[in-house]
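Trainee: my questions concern the predicted model and sequence given below.
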Amino acid sequence: MKKVLSYLKPYYLPMTVALALMLVELVVELMQPLFIAKVINEGIMTKDLDAVMLWGAVMLGLTAIGFVSGIINSYFAAYVSQHYGFDLRKSLFAKIQSFSFANFNQFPTATLITRVTSDVTTMQNLMFMGMRIMLRAPLMLIGGLVMSLFVNMKLAFILVIVSPILFFFLVWLMRTGFRHFHAVQERLDHANSVLRENLLGMRLIKSFVRDKHEEGRFLDSNQQLMDRTVKALRLVETAVPTLTFVMNASILLILWFGHEQIVGQAGTNVGDVVAIVNYTARMTGALSMISMIVTNISRARASALRIEEVLNAEADIVEKEQLDPNQLVATGSVVFEGVSFHYPDHAVAVLENLNFEIKQGERVAFLGATGSGKTSMFQLIPRLYDVSEGRVLVDGQDVRDLSLDRLRGAIGYVPQEALLFSGTIADNIRWGRTQASDEEVVDAAKRAQIHDTIMKLPKQYDTIIGQKGVNLSGGQKQRLSIARALVRQPKVLLLDDSTSALDVKTEGRLLRSLPTDTCTTLLITQKISTAMRADRVVLLDDGKLLGIGTHDELMKQSELYRRIAESQFGEEAVSLV
Ligand SMILES: Nc1ncnc2c1ncn2[C@@H]1O[C@H](COP(=O)(O)OP(=O)(O)OP(=O)(O)O)[C@@H](O)[C@H]1O
């Protein structure tokens, strides 16, 4: 818990104020039974109304002080706990931003969402409670015990015996609770994961009429979450009745012994008995609070552990320490030198000994069967993964020697699945480069062949795109993603099957409008018609490079390439080419 607690450091001052005010509240509370005893012994028993008024007024004044302290304490407790939660969420978010894909394999999306939201809220609640009652309750317990001993040692001895027994009961409760709450958070992760998959795949679920199946899956994980939570709460809920039972039994014993002592004239008076009973009642309240705190601590321990796992995770794609601040990516040449690659935690090589060179301004198509490693190869260029062997060079420099900002700033990556953000169309294009002017946004849209479509929309560039671009067609989303990459004015443009949803004519226009003098274009495609428009074609099969050359060269040299062409154009057409 050390690391998550270190986030309290900036708030030590308001925390100290809150804790000091909590102590004021505690002192006020501890003094009250003393004054009640005084009212009884000096006022009621001696029929002295003045004494009743005096001690009554003192009690009222103290209550007012306690009330004001409580309000100010709450203010500071809320301030510290909310800022603490804000800082934790900020750090977690920044850490997740620095994650490599290997880290994302370790922490699936749903668990990250639970950790940033639910786990942080648990910590936040603990901090708030900590500043309100965490010290007050145990101090009330100790204070109540001491004051009872001070009032009447013989009667208070009962409490001296009972207190350690209850203490060990609470320690046991905290340990067992931790295990249970850890399991509850894991079930919450699972329920979140099922929910997330459902929301993302809603169209698919509806079109496959799998609603009932998915409902069952969610019910199952929801049931598991409920069962685990009920189990945890059942344990916690036995605490208060157990504590109350033991303390009430103690009160009965105190009354009985008190009666014996008053009757036997052993120096005990009614005021003392009332004061000790009052202290015991307050101690019972404090113990209930402690059991609540104990529950919250065990819950928070589980959450703290989960938060720290994320904060301590080592991102494996990191920049070198001493990078040349003047380094530049001036040209978009791309070279693969003996590159082999396997995914982290996977032994099977996805790419094997790739060697090729792409010159500045060249347009190269990558063709290969599904699963042949095309996307994996693309991901090595902006360093989304690091090579297992060999080197990837951009502008003649090993990508590991470049700062990630410089490298990625020079690349326009259009992934296979077009992902848009909620906001306007202009916002989405400008997401590629926030300082792009309106003219540059329009130019990028024109090149991506989406400008005419945008102009037909009711609000044109100010049209709001729904979540993940729900109100756009697949092809429109693809072209917007391309515009977003083009507005960056990249040196290297990576199109991962990004024109698959376009008709041949639009695709042709788009490819012709891409800049060639300043930008090198690498495009993955399944279509020979697209590959024919490229300067050269790289043919991949099962992670190996089978051939590289122009379309005509590969038609002559590569049997596989010829077969793909035949399957797409028909044998006759190919023989005419
Ligand atoms: N995150 C990952 N972890 C482990 N293995 C992966 C991962 N992503 C892809 N693979 C594996 O790597 C191999 C190459 O996948 P890749 O996506 O690069 O192929 P591709 O040629 O782009 O396929 P497609 O044309 O279908 O997109 C496949 O066998 C795939 O199972």
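Mentor: Here it is on my side, so go on. Predicted model, so just to flag it, every value in this text is computed and none were measured.
Trainee: CA only for contacts and neighbour counts going forward, please
Mentor: OK.
Trainee: list the contacts of residue 295.
Mentor: Residue 295 makes contact with 173, 174, 177, 236, according to Cα atoms under 8 Å, 6 or more residues apart in numbering.
Trainee: between those residues, which is closest to the ligand?
Mentor: Nearest to the ligand out of the contacts of residue 295 is residue 177 (Cα to the nearest ligand atom; 36.4 Å).
Trainee: does that closest one touch residue 235 like I think?
Mentor: Yes - taking contacts as Cα atoms under 8 Å, residue 177 lies within contact range of residue 235: 7.4 Å.
Trainee: which two from the contacts of residue 295 end up farthest apart in space?
Mentor: Pairwise distances across the contacts of residue 295 peak at 9.1 Å for 174 and 236 (criterion: Cα to Cα).
Trainee: mind listing the strands for the chain?
Mentor: For the chain, the strands defined by DSSP state E occupy 334-341, 351-358, 363-368, 389-394, 397-398, 411-414, 423-424, 464-465, 492-496, 520-524, 536-541, 544-549.
Trainee: would you reformat these as a markdown table and include mean neighbour count, distance to residue 3 and mean pLDDT?
Mentor: Formatted as a markdown table, these follow (neighbours: other Cα atoms under 10 Å; distance: least, Cα to Cα, whole Å; pLDDT from 0 to 100):
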| stretch | mean neighbour count | distance to residue 3 | mean pLDDT |
| --- | --- | --- | --- |
| strand 334-341 | 21 | 35 | 93 |
| strand 351-358 | 18 | 40 | 92 |
| strand 363-368 | 25 | 47 | 91 |
| strand 389-394 | 22 | 36 | 93 |
| strand 397-398 | 18 | 36 | 88 |
| strand 411-414 | 26 | 37 | 90 |
| strand 423-424 | 16 | 37 | 85 |
| strand 464-465 | 18 | 40 | 84 |
| strand 492-496 | 26 | 40 | 91 |
| strand 520-524 | 27 | 44 | 92 |
| strand 536-541 | 23 | 47 | 91 |
| strand 544-549 | 18 | 46 | 89 |
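Trainee: quick one, which of the ones you listed is nearest to residue 270?
Mentor: strand 423-424 (73.7 Å).
Trainee: and residue 280, which of the strands of the chain is closest to it?
Mentor: strand 423-424 (60.7 Å).
Trainee: so what secondary structure elements neighbour the closest one?
Mentor: strand 464-465 (3 or more Cα pairs under 8 Å, 6 or more residues apart in numbering; DSSP states H and E).
Trainee: which neighbours does the strand it packs on have in its sheet, and in what orientation?
Mentor: Counting by DSSP bridges, the strands paired with strand 464-465 are strand 423-424 (antiparallel).
Trainee: which non-adjacent residue is nearest the spatially most central residue of the chain?
Mentor: Closest residue to the average C-alpha location of the chain: residue 116 at 3.2 Å, with Cα atoms, centre = their mean. Among residues not flanking residue 116 along the chain, residue 89 sits closest, at 5.8 Å (Cα to Cα, 6 or more residues apart in numbering).
Trainee: same check, this time on residue 363
Mentor: residue 521 (4.7 Å).
Trainee: return the distance of that neighbour relative to residue 567.
Mentor: Taking Cα to Cα, to the nearest Å as the measure, residue 521 and residue 567 are separated by 26 Å.
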